[in-house]
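# pasting the sequence and the predicted coordinates here, then a few questions.
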4 protein chains.
Amino acid sequence: MTTLGAEMTMVGHGEIDIQFAYRTSLTQQHGFVHAGAITSILDSACGYAALSVAPEGWDVLSVEFKVNLLSPAVGEKFVARARVKRAGRTITVCGADAFAIKDGEEKLIASMLATIMNVKPTQ
Amino acid sequence: MTTLGAEMTMVGHGEIDIQFAYRTSLTQQHGFVHAGAITSILDSACGYAALSVAPEGWDVLSVEFKVNLLSPAVGEKFVARARVKRAGRTITVCGADAFAIKDGEEKLIASMLATIMNVKPTQ
Amino acid sequence: MTTLGAEMTMVGHGEIDIQFAYRTSLTQQHGFVHAGAITSILDSACGYAALSVAPEGWDVLSVEFKVNLLSPAVGEKFVARARVKRAGRTITVCGADAFAIKDGEEKLIASMLATIMNVKPTQ
Amino acid sequence: MTTLGAEMTMVGHGEIDIQFAYRTSLTQQHGFVHAGAITSILDSACGYAALSVAPEGWDVLSVEFKVNLLSPAVGEKFVARARVKRAGRTITVCGADAFAIKDGEEKLIASMLATIMNVKPTQ
């Protein structure tokens, strides 16, 4: 998240928004923000959303995720919104959508469904 | 859908609900409705949602889907709700959630993210 | 698996093959075997492969899977081959391919990547 | 791939290997290479594998991918091996595995299943 210059703009119980601004260092050859950056921000948002419902003092680990890349990432700002779908003792499942914000308008650019595991910090 | 005795209970532009009732023939050894039946209903709901936004006269084909099984499928009725996330010329992406209805209460039991392709009917 | 008339044709440590024969009851409107049947057999193969490496006496549970449907399921017989990619204490990850066998020739028709959880039988 | 300092070490018809060396700039807080870097290299390998079987002059686009993170990315070198599972006119499906190489030994650390679309370069 440091590399992306990202920051959390909403933190709720099982709900996290992460936002970052456009930077040329994040673009690929066509001037769009790289899918890798969008995927990372979605993965981070899911991880933090899972962490917000994990047992006190535990850590979380991404087991797997699937991402659909829906539209080129064109905009001044990008936001990932993750919501916990189910919080279990061992496994938490999150859905997350990424939006590009351009001229004040939001456009859905990617969608993730992720499986996260609670891990004891001493492991 | 015939095998499941399922029926569409909501048909909108890019939005489909499919419902079916509990039957012992659909259960596995623990008395829960089989994950295969839940997956089929989610896949069907995504397919019909994609079809509702496809070009006139075209057909659709499931390219791939991912499903997270969140809770045992226990209930009198089951409903899958699919929503189109992006409708492109070739590819449509749908998200869908399956709920078990028991004593009038809904519980999220599975979640799908699916990629569907528009195909010309003559192909 | 009973509904499909399927049987295990290979059982190894982390390796399972499941086979079933064509039946009209498994076909959809175009005469192909339904994607739901193919998905179920892939899911079962992954589950049994995970079980073959699970701790003694433990059970397994599908957490999630993704399936790519590659070609119409046309053939006399169908086989799903699952291989464990990683067996952890809690999580096992399996890959599986489904093949249609027609006139003695195999064709890849679907591919799955699945996450399975070990569960204590008393839970 | 430039950011990662990655290079193709094998290029075949539907088969690509991409390799990169450990760098501290790619690590997260625990000293492992970041999952985002591993995911990017898998995604790139799948893209190039799909491109190697695409119609002459066409480009490719990642539609979606799923990745299972199997083990922490610890090693001197990392290699992603992508293989085309099915090359269609519109859609190509690839599987890819990522390995960490440490003291000359390879360990599987991540696995991807990806859907790629052929696109005309003029689009």
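Now that the structure is in, tell me what you want to look at. Residues are numbered from 1 along each chain as shown, chains lettered A, B, ... in the order given.

# look at the most centrally placed residue in chain A and report its pLDDT.
Closest to where the C-alpha atoms of chain A average out (C-alpha atoms, centre = their mean) is residue A:42, at 2.1 Å. We have a pLDDT of 96 for residue A:42.

# how about the helix or strand encompassing it, does it reach chain C?
Assigned by DSSP states H and E, residue A:42 falls within helix A:35-51. No - using C-beta under 8 Å from any C-beta of the partner chain, we find that helix A:35-51 stays clear of chain C, coming within 13.3 Å at best. The way it works is simple: take the backbone N, C-alpha and C, and place the C-beta from them, glycine included.

# what helices or strands is that helix leaning on?
Identification of packing neighbours for helix A:35-51 by 3 or more C-beta pairs under 8 Å, 6 or more residues apart in numbering or on different chains; DSSP states H and E yields strand A:15-21, strand A:59-69, strand A:77-87, strand A:91-102, strand A:105-119, helix D:35-51.

# can you pull the buried residues of the fourth one?
With burial defined by 16 or more other C-beta atoms under 10 Å in any protein chain shown, the residues of strand A:91-102 counted as buried are A:91-101.

# need the residues of chain A near chain C, please.
Checking chain A against chain C by C-beta under 8 Å from any C-beta, the hits are A:63-64, A:66, A:90-91, A:93, A:113, A:115, A:117.

# kindly reformat those residues as TSV containing distance to residue D:56.
Converted to TSV, the residues of chain A next to chain C look like this (distance: C-beta to C-beta, whole Å):
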residue	distance to residue D:56
A:63	40
A:64	35
A:66	31
A:90	49
A:91	46
A:93	42
A:113	35
A:115	39
A:117	45
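
# can you flag the buried ones in those?
Applying 16+ other C-beta under 10 Å to these flags A:63-64, A:66, A:91, A:93, A:113, A:115, A:117 as buried.

# can you put the residues you listed in a markdown table and add distance to residue A:74 and pLDDT?
Formatted as a markdown table, those follow (distance: C-beta to C-beta, whole Å; pLDDT from 0 to 100):
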| residue | distance to residue A:74 | pLDDT |
| --- | --- | --- |
| A:63 | 31 | 97 |
| A:64 | 28 | 98 |
| A:66 | 23 | 98 |
| A:91 | 35 | 97 |
| A:93 | 30 | 98 |
| A:113 | 24 | 98 |
| A:115 | 30 | 98 |
| A:117 | 34 | 97 |
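
# contacting chain B as well, which ones from those?
Okay, of those touching chain B (C-beta under 8 Å from any C-beta), that's A:66, A:93, A:113, A:115.

# residues touching the third one, list them.
Spelled out, it's residue A:113. A:65-66, A:93-95, B:66, B:68, B:95, B:111-113, C:64 (C-beta atoms under 8 Å, 6 or more residues apart in numbering or on different chains).

# what does the second one give?
Residues touching residue A:93, when contacts are defined by C-beta under 8 Å, 6+ apart, comprise A:84-86, A:113-116, B:68, B:70, B:111, C:64.

# now do the last one
Residues touching residue A:115, when contacts are defined by C-beta under 8 Å, 6+ apart, comprise A:62-65, A:91-93, B:68, C:63-64, C:115.

# next: the first one.
For residue A:66, the contact set (C-beta under 8 Å, 6+ apart) comprises A:112-114, B:66, B:113, C:66, D:64-67.

# follow-up on the earlier one: hey, what's the residue nearest to the residue nearest to the centre of chain A when sequence neighbours are not counted bridged with?
Distance criterion C-beta to C-beta, 6 or more residues apart in numbering or on different chains; nearest residue to residue A:42, sequence neighbours excluded, is residue A:112 at 4.2 Å. Beta-bridge pairing for residue A:112 (DSSP bridges): residue A:67, residue A:96.

# tally of neighbours for residue A:112?
Residue A:112 has 25 neighbouring residues, counting by other C-beta atoms under 10 Å in any protein chain shown.

# where does chain A dip in pLDDT?
In the predicted model of chain A, residues A:1-3, A:122-123 satisfy pLDDT under 70.

# residue A:35 against residue D:63, yeah?
No - the criterion here is C-beta atoms under 8 Å, and residue A:35 misses it with residue D:63 at 10.9 Å.

# who touches both of these two?
Contacts common to residue A:35 and residue D:63, judged by C-beta under 8 Å, 6+ apart, are residue A:69.

# sorry, back to before: possible to save the contacts of residue A:113 as a markdown table with distance to residue C:23?
Converted to a markdown table, the contacts of residue A:113 look like this (distance: C-beta to C-beta, whole Å):
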| residue | distance to residue C:23 |
| --- | --- |
| A:65 | 36 |
| A:66 | 32 |
| A:93 | 34 |
| A:94 | 39 |
| A:95 | 37 |
| B:66 | 28 |
| B:68 | 30 |
| B:95 | 33 |
| B:111 | 31 |
| B:112 | 26 |
| B:113 | 31 |
| C:64 | 28 |
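
# nearest to residue C:7, of those residues?
The nearest member of those to residue C:7, counting by C-beta to C-beta, is residue C:64 at 26.0 Å.

# measure the closest one to residue A:63 for me?
From residue C:64 across to residue A:63, the span is 9 Å (C-beta to C-beta, to the nearest Å).

# same question for residue A:110.
19 Å.

# got it, and residue A:121?
17 Å.

# same deal with residue A:116?
6 Å.

# then residue A:49?
From residue A:49 to residue A:63 the distance is 14 Å (C-beta to C-beta).
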